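In: I'd like to go over a predicted model; first the sequence, then the structure.
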Amino acid sequence: MEKFTSKIIEKIRNEDSQENLEITFAAIKEYLENKRYEIFPIQEELSLLNEITKDFNDLPQSSDKIITELIELGKKTTVLSSSGRYFGFVVGSSFPIAMQARLLADTWDQNSALYLMSPLASKIEELCEKWIVELLELPKSSAMGLVSGSGNATILALNAACYQLNKEERNKIKVVISKEAHATVYKALKIIGIADSQITSVETDNKGKIIIDQLPDFDKQTIVILQAGNVNGGAFDDFETICALANEKNAWVHIDGAFALYANTCQQLKHLTKGIEKADSWTVDAHKTLNTPYDNGIVLCKDKENYLNSLKVSGSYLVATKHRDGMSYTDGMSRRARAIELYATLRALGKQGVAELVYELHSQARYFADELEQLGFEVLNEVVFNQVVIHYKDDKATKELLDLINNSGVCFMSSANWQNKFVIRISVSSYKTTYNDIDECLFVIKEICAKIDNR
């Protein structure tokens, strides 16, 4: 047989990438210095996206040209979500050590499916499991899987619940959920085969917490889904009371704690999470409050054996050892070694650093809310964690205000419909945020309010 060698691939093999690496690292350094002021790119810059090459080329293009074009696009059209003045969608930043570890991990390009593919990833993931369980003060027996985000994590947790409660007849499982549950939870239920007719949505109070008196009866085929951090107001359900009711009937309790489960790491906020250890599964994101890079979601299940069995597969080519195989803990086989940046972040912060990060974000949110009230805003939620929900005069004024704030470039906020009002959601999630950042935003917001009021 002829030994074919591709000229294109041979050229890439022999290409000196040093210059492009230097250009790339210089661009990274410049981006991290954050010289651009506008958080959301202005319309003129966004028009550059229309100039991206649309037709797929037949022949290779220069790597120099590709990298240079990407750098220029990134300078002007990315959202500065890692800024201290970005308050939309509960998006965290990335600690420098986390980003540095991510760059290393991406360079090493380890597939963390099997120990034999990456002993390093296997060991680090094992350590992260131990540390996260310890940090959140969950039962020591709990299993941890690392996935893309808490949406994916919720699918795995609820799949484990179905596997334990009734793996043969999922149509007999009942689900009890808050009417204000995150959209990803409803999506997860669809994916695992739970029909709408199996779901009971429970009313919430004016804080966004499940009203206990309106809960239906539980039984041993019930999944109860609670929130540590309401998606809008940040409220926490009464875990101790509801878990006790569920445990009595052998129902499964899942807690969606995407950004706020970390309250359990902070002495000043632990009252919010009282009773979470009585649940059966939990989901939380490292890329939100913990400020690791995207995508870094965490699923935790109390019964490790049941969790692993719910995901078990076999194949002669899947060579198992006595060591941890990452694929056994998630739905994916080919998977990047996302434990590496999580490990680096946990080491860099320590338990005390995590606790102080959580409390600082909470304190900044409280400060933001207090100052906005002084400016005449209605703060609709009790600021128990990092979420602030505000309304200005009426829906029309609030919408106009949000548009003007985001177009100002000084900061970015998102919106929702809550308590029958159009509201502005402020999520204080970035370690980069300072009180000076908040004051700068308040100054601009005050000016915009004056313009609206004087019309």
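Out: Looks like it came in fine. Numbering: from 1, shown residues only.

In: Pretty sure Glu38 sits against Gly409.
Out: Yes: contact criterion C-beta atoms under 8 Å: Glu38 and Gly409 qualify, at 3.3 Å. The way it works is simple: take the backbone N, C-alpha and C, and place the C-beta from them, glycine included.

In: Show me whatever sits in contact with both of these two.
Out: Here Glu38 and Gly409 share no contacting residue, scored by C-beta atoms under 8 Å, 6 or more residues apart in numbering.

In: The closest residue to Thr330 other than its chain neighbours: what secondary structure?
Out: Nearest residue to Thr330, sequence neighbours excluded (C-beta to C-beta, 6 or more residues apart in numbering): Gly145, at 4.4 Å. Classification of Gly145 using DSSP: H, G, I helix; E, B strand; the rest coil returns strand.

In: just Ile177 next, same as before
Out: Going by three-state DSSP: Ile177 is strand.

In: How about Ala416?
Out: strand.

In: From Val444, how far out is it?
Out: Distance, Ala416 to Val444, by C-beta to C-beta, to the nearest Å: 22 Å.

In: got it, and Gly257?
Out: Gly257 sits at a distance of 33 Å from Val444 (criterion: C-beta to C-beta).

In: try Glu248
Out: The spacing between Glu248 and Val444, counted by C-beta to C-beta, is 53 Å.

In: So between these two, which is more surrounded?
Out: A direct count of neighbours by other C-beta atoms under 10 Å for Glu248 and Val444 places Val444 higher, at 16 against 9.

In: mind checking which helix or strand the more buried one is in?
Out: Element membership for Val444, per DSSP states H and E: helix 435-453.

In: And the contacts of that helix?
Out: 84-85, 87, 364, 367-368, 371-372, 375-376, 392, 397, 400-401, 404-405, 408, 410-411.

In: Just the buried residues of the residues you listed.
Out: In the contacts of helix 435-453, burial by neighbour count holds for 84-85, 87, 364, 367-368, 371-372, 392, 397, 400-401, 404-405, 408, 410-411, counting by 16 or more other C-beta atoms under 10 Å.

In: mind listing the strands for the stretch 151-300 of the chain?
Out: Using DSSP state E, counting those that start in this stretch, the strands of the stretch 151-300 of the chain run over 174-178, 199-202, 222-227, 252-256, 281-285, 297-301.

In: where exactly do the helices run in the protein?
Out: In the chain, the helices defined using DSSP state H lie at 7-14, 18-33, 43-46, 63-77, 96-108, 119-136, 150-166, 183-191, 239-248, 304-310, 339-374, 395-408, 435-453.

In: how far is the fifth one from where the chain is centred?
Out: Helix 96-108 has its average C-alpha position 18 Å from the chain's average C-alpha position, going by C-alpha atoms, centre = their mean, to the nearest Å.

In: in that helix, what counts as buried?
Out: Of the residues in helix 96-108, those buried (16+ other C-beta under 10 Å) are 98-99, 101-102, 105.

In: now that helix and helix 339-374, what's the angle there?
Out: On the basis of axes from the mean of the first three to the mean of the last three C-alpha atoms, to 10 degrees, helix 96-108 is oriented at 140 degrees to helix 339-374.

In: hmm, who's touching helix 96-108?
Out: Helix 96-108 has contacts (C-beta under 8 Å, 6+ apart) with 32, 94, 120, 291-293, 336-338, 340-345, 347-348.

In: Next, the angle from that helix to helix 18-33.
Out: Using the same axes, to 10 degrees: helix 96-108 against helix 18-33 is 160 degrees.

In: The chain should start at 20 in everything you say after this.
Out: All set: I'll call the first residue 20, so the last point we hit is now helix 115-127.

In: per-residue confidence averaged over helix 115-127?
Out: With pLDDT averaged residue by residue, helix 115-127 scores 97.

In: and the gap between Phe44 and Ser102?
Out: Noted for Phe44: a distance of 21 Å to Ser102, by C-beta to C-beta.

In: More neighbours: those two, which one.
Out: More crowded of Phe44 and Ser102, by other C-beta under 10 Å: Ser102, with 20 against 11.

In: Excluding sequence neighbours, find me the nearest residue to that one.
Out: Closest to Ser102 by C-beta to C-beta, 6+ apart is Ile58, at 5.7 Å.

In: ok, now which ones touch the one you found?
Out: With C-beta under 8 Å, 6+ apart, Ile58 has these contacts: 98-100, 102, 104-105, 425, 428-431.

In: let's see it at 6 Å
Out: The contact partners of Ile58, taken as C-beta atoms under 6 Å, 6 or more residues apart in numbering, are 99, 102, 104-105, 430-431.

In: isn't Val402 right up against Ala384?
Out: Yes: using C-beta atoms under 6 Å, Val402 is in contact with Ala384, at 5.3 Å.

In: So for those two, which sits in the more crowded spot?
Out: Per other C-beta under 10 Å, whichever of Val402 and Ala384 has more neighbours is Ala384, with 24 against 21.

In: The more buried one and Val407 touch, don't they?
Out: Yes: using C-beta under 6 Å, Ala384 is in contact with Val407, at 5.4 Å.

In: hang on, the earlier thing: redo the helices of the chain as a markdown table? Include distance to Ile445.
Out: A markdown table is the format used below for the helices of the chain (distance: least, C-beta to C-beta, whole Å):
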| stretch | distance to Ile445 |
| --- | --- |
| helix 26-33 | 47 |
| helix 37-52 | 24 |
| helix 62-65 | 24 |
| helix 82-96 | 24 |
| helix 115-127 | 24 |
| helix 138-155 | 25 |
| helix 169-185 | 20 |
| helix 202-210 | 20 |
| helix 258-267 | 25 |
| helix 323-329 | 36 |
| helix 358-393 | 6 |
| helix 414-427 | 10 |
| helix 454-472 | 9 |
